[in-house]
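A.B. asks: my questions concern the predicted model and sequence given below.
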Amino acid sequence: MYLAARGEKKTAEVIKEIQKAHPTSSGELLFHPLQLDDLTTIKSSAEQFLARESRLDVLWNNAGVMVPPQGSTTVQGYELQLGINNLGHFLFTHFLHPLLVKTAASAPKNSVRVVWVASSAADNAPIPAIDFSNMDYHHDEGIWSKYSRSKAGNVLHAVEYARRAGSKGIISMVRHRYSINIVDYH
């Protein structure tokens, strides 16, 4: 299993903790570099994964940022929560999509999946949850409002990915707080 993250040192510490908690496990945990706040690095990260692996059964889009200091942005200037929680995951999934499709073609039915981690904060997103006329926040909002919008974005990504990839045998689901909701368009 790969743990995709920014820092190898912190990820190595997490891997050691997991191994210590499960000493009889025969599974392997590997660090995979993924910098979601710089969109120019995501294709390379996906390509590194694709060069090593011939299948991908489950992709968890779990990384995220919550209520950073107001004004925080990605390298490209996107509001940080939007950039990491939505744009980064969308782009990484986009580049891994062909391998997910290939895996689904030879895997047991409904076993290949993409999990988008949202939050109950999505329920508190302003209406409309995604304001396409204000994606650059030229009309600024509170940091919690931005976070709620980013989590609503995770839900919408799960729904749209299900619509686009469901016919290819990929299940798209959203983990929303303490439950998992499967989105199915068959």
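C.D. replies: Cool, the structure landed.

A.B. asks: report the central residue of this structure.
C.D. replies: For the chain, the residue nearest the mean C-alpha position is residue 61 (2.3 Å; CA atoms, centre = their mean).

A.B. asks: in this protein, spot the helix with the most residues.
C.D. replies: The residue-count maximum for a helix in the chain (DSSP state H) belongs to helix 143-165.

A.B. asks: packing partners of it?
C.D. replies: On a contact count with 3 or more CB pairs under 8 Å, 6 or more residues apart in numbering; DSSP states H and E, helix 143-165 meets helix 80-82, helix 89-106, strand 112-117, strand 170-176, strand 179-183. Bear in mind the C-beta positions are built from the backbone N, C-alpha and C, glycine included.

A.B. asks: on that earlier part again, the residue nearest to the centre of the chain bridge partners, please.
C.D. replies: Using DSSP bridges, the bridge partners assigned to residue 61 are residue 116.

A.B. asks: now do the same contact list for it.
C.D. replies: Shown in contact with residue 61 (CB atoms under 8 Å, 6 or more residues apart in numbering): 89, 92-93, 114-117, 154, 157.
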